[in-house]
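> Just a sequence and a predicted model for now, questions to come.
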Amino acid sequence: MKKLYFLFLFAFSLTFSETLAQNIPNAGFESWTQHFFYAEPVNFSTTNFQGYFSGTGPNVTKTTDAYAGNFAARLEAVAVDTNVLPGFVSIGTPGPGGFAGGFPFNELPDTLAGFVKYDITLGDSAFLLIIFTSGGSPIAASAHQFYGVQSDYAEFKVPLFSLLPVQPDTFQFFLATTSNFDSTQAGSVLFVDELHFIGATATFPNGGFEDWTDVASEEPDGGWITSNFFSNPLDPTVTKTGDAHSGNFAIRLENKPSLGGTPTSFAILGQLGGEDPEGGFPISNTPKKISGYYKYFPVGTDSSIFITQFSKWNQATQQSDSIANIKVSLPPANTYTSFEIPLNIVWSAQPDTMLLGFAPSYLDNDTSTVTLGSVLQVDDLEIEFVSGIIVRLDRYPAFVNAFPNPAGDFLHLSFDLSIQTPVVVVVHDGNGRTWKTYDAGLRSGAVDIALPVSELNTGTYFYSI
């Protein structure tokens, strides 16, 4: 009996089960999960954002190893690539020009006291600073350093030195695992608890570190990255909404103030890079266009953006090469409106990875054009390939079963299609010559094609759908 071996042509041949089994996810934004990033002590700012964003994780943490009560704060200096990120807590925001903000306070205490234990690397010291201000001008201040090792909690007292004979309206506080940010070393650890004032009736806000806020948000599943990490955890910039084009949910993006101060909101199916988003999800055929539905409510002259990026893994350099990058601005739309982004690209290579992203503001413009309050909603994304197959991104066919293989009289091809589409199967030999074309007509749902192959000579053939 003759034997006919069949392989799926193009990128579906040897990598088919590896790539297509990874469904392009959650294009209808139906699936969401609560993600916890880290906890922040109430009233304090920390280095946790920098630590989490750099991949080392939070370096100011809630600990039950407390002097009193349930919790204390643990600060650690950690290595970040070739640099070191000290651990610090502050009330007010330290910067090159000094502190900004602070906590309202109208008494001037005699002393700041608290309890600490620590292990500070040799040649360094932990550093504490407290400043009282009136109308933005310092009127009292004090500083203190901690050296070496203190294994058990010990009390410290820092007298305040008055600079002007007036009452304050604000105080600012800073405690760090280093006093020299230019040459600090990783490994220093400091525990702090029960901060309190002596000589004042008002208490130090959350000085016992009993109150913490979880930095968390509900995120769309499937690899989507959003701006929620940069926003107020109690007021996320990206949320699911029941105002959907179809199904239960769509994704809603609104420009709100971020931790960096600039109002921003975005969602990408990829990763955050150093300057631009990168990565994405695997594709196994040449894409022709992206489509979907959106609503857009800009404020003023704001304009939206939808981006698609394509790349290909370079085995020689062990990194991805950029193939193409398209950016489109979507106009205002009060009701769900369909959009299409044609991918009229002269491909320098067959891409294997695709990134999607969108935002309520054209983020390449000056930040002055990113306007608070602009809202974008997106739902039901689809991708059309050059083959003509159109599938929702979260319904990409996950498996084609070809049997028997080797085949005799018939080759059965079994797969699923989420929408009705014309199906044509073409059989080629190893030299690329077409031996058979089989028009299976319009198909949808569970598809089973019995492809007659008895007239073919014994050998190895490729098929494409």
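On my side now, so go ahead.
> drop to CA atoms for contacts and neighbour counts, all remaining ones
Fine.
> Tell me where the model's unsure across the stretch 151-300 of the chain.
Along the stretch 151-300 of the chain, the model assigns pLDDT under 70 to residues 259-262, 273-276.
> the strands in the stretch 101-250 of the chain, which residues?
With DSSP state E, counting those that start in this stretch as the criterion, the stretch 101-250 of the chain has strands at 103-104, 111-119, 126-134, 137-146, 149-159, 161-162, 170-176, 189-198, 212-220, 224-226, 238-241, 250-254.
> quick one, which of those is packed in tightest?
Of all these, strand 250-254 carries the top mean neighbour count, a mean of 26, counting by mean count of other Cα atoms under 10 Å.
> Next secondary structure after it?
Going down the chain from strand 250-254, the next helix or strand is strand 267-269, by DSSP states H and E.
> For that following strand, name the packing helices and strands.
strand 224-226, strand 353-359 (3 or more Cα pairs under 8 Å, 6 or more residues apart in numbering; DSSP states H and E).
> What's the separation between the residue lying closest to Lys327 once chain neighbours are set aside and Glu340?
Leaving aside its sequence neighbours, Lys327 sits nearest to Ile307 (Cα to Cα, 6 or more residues apart in numbering; 4.5 Å). As judged by Cα to Cα, to the nearest Å, Ile307 and Glu340 stand 12 Å apart.
> Of those two, which one has the most company?
More neighbours surround Ile307 than the other of Ile307 and Glu340, with 17 against 14 (other Cα atoms under 10 Å).
> contacting residues around Asn314?
Applying Cα atoms under 8 Å, 6 or more residues apart in numbering to Asn314 gives the contacts 320-321.
> how does it look with 6 Å?
Asn314 is in contact with Ser320, counting by Cα atoms under 6 Å, 6 or more residues apart in numbering.
> For the protein, which segments count as helices?
Along the chain, counting by DSSP state H, helices occupy 16-19, 48-54.
> Among the ones you listed, which one carries the weakest average confidence?
For these, mean pLDDT drops lowest on helix 16-19, to a mean of 25.
> What is the neighbour count of Gly69?
13.
> For Asp211, see how far away it is.
Gly69 is 11 Å from Asp211, by Cα to Cα.
> Please enumerate the shared neighbours of those two.
Joint contacts of Gly69 and Asp211 (Cα under 6 Å, 6+ apart) do not exist.
> one step back: can you put the helices and strands packed on strand 267-269 in a markdown table and add distance to Ala216?
A markdown table is the format used below for the helices and strands packed on strand 267-269 (distance: least, Cα to Cα, whole Å):
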| stretch | distance to Ala216 |
| --- | --- |
| strand 224-226 | 12 |
| strand 353-359 | 21 |
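> if we compare the strands of the stretch 101-250 of the chain, which one ends up closest to Pro404?
Closest of the strands of the stretch 101-250 of the chain to Pro404 is strand 224-226, at 38.8 Å (criterion: Cα to Cα).
> Would you check that Phe99 makes contact with Thr93?
Yes. Phe99 is within contact range of Thr93, at 5.4 Å (criterion: Cα atoms under 6 Å).
> quick one: the closest residue to Phe29 other than its chain neighbours and Trp224, what's the gap?
Nearest non-adjacent residue to Phe29, counting by Cα to Cα, 6+ apart: Ala250, 5.4 Å away. Per Cα to Cα, Ala250 is found 13 Å from Trp224.
> quick one: contacts for Gln185?
No contacts exist for Gln185 under Cα under 6 Å, 6+ apart.
> can you rerun that using 7 Å?
Shown in contact with Gln185 (Cα atoms under 7 Å, 6 or more residues apart in numbering): 84, 121.
> measure it to Leu85 for me?
Gln185 is 9 Å from Leu85, by Cα to Cα.
> where does Asn401 land on pLDDT?
73.
> separation between it and Ser414?
5 Å.
> Neighbour count for these two, which is higher?
Ser414 (15 against 11).
> Just grab the bridge partners of that one for me.
Beta-bridge pairing for Ser414 (DSSP bridges): Asn401, Asp448.
> Can you verify my assumption that it contacts Ala450?
No. Between Ser414 and Ala450 there is no contact under Cα atoms under 7 Å: 8.9 Å.
> neighbours around Ala316, how many?
Neighbours of Ala316 using other Cα under 10 Å come to 6.
> Need phi/psi at it.
phi -70, psi -40 (degrees, to the nearest 10).
> Take the strands of the stretch 101-250 of the chain and write them to a markdown table, including distance to Arg443.
Shown next, in a markdown table, are those (distance: least, Cα to Cα, whole Å):
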| stretch | distance to Arg443 |
| --- | --- |
| strand 103-104 | 67 |
| strand 111-119 | 69 |
| strand 126-134 | 70 |
| strand 137-146 | 74 |
| strand 149-159 | 73 |
| strand 161-162 | 83 |
| strand 170-176 | 65 |
| strand 189-198 | 64 |
| strand 212-220 | 31 |
| strand 224-226 | 31 |
| strand 238-241 | 33 |
| strand 250-254 | 28 |
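> Quick one: closest of the ones you listed to Ala359.
Across the strands of the stretch 101-250 of the chain, closest to Ala359 is strand 250-254 (Cα to Cα), at 7.0 Å.
> What count of nearby residues applies to the closest residue to Trp224 other than its chain neighbours?
Closest residue in space to Trp224, ignoring its immediate chain neighbours: Leu269 at 4.5 Å, by Cα to Cα, 6+ apart. Other residues within reach of Leu269 by the criterion other Cα under 10 Å amount to 27.
> Off-centre distance for stretch 123-143?
Chain-centre distance of stretch 123-143: 36 Å, with Cα atoms, centre = their mean, to the nearest Å.
> End to end on it, go ahead and measure it.
Stretch 123-143 end-to-end distance (Cα to Cα) = 18 Å.
> shift numbering so it begins at 12
OK, 12 is where the count begins now, so the last one is stretch 134-154.
> Contacts for that stretch, please.
In contact with stretch 134-154 (Cα under 7 Å, 6+ apart) are residues 131, 155-158, 169-175, 178-190, 195.
> Lovely, talk soon.
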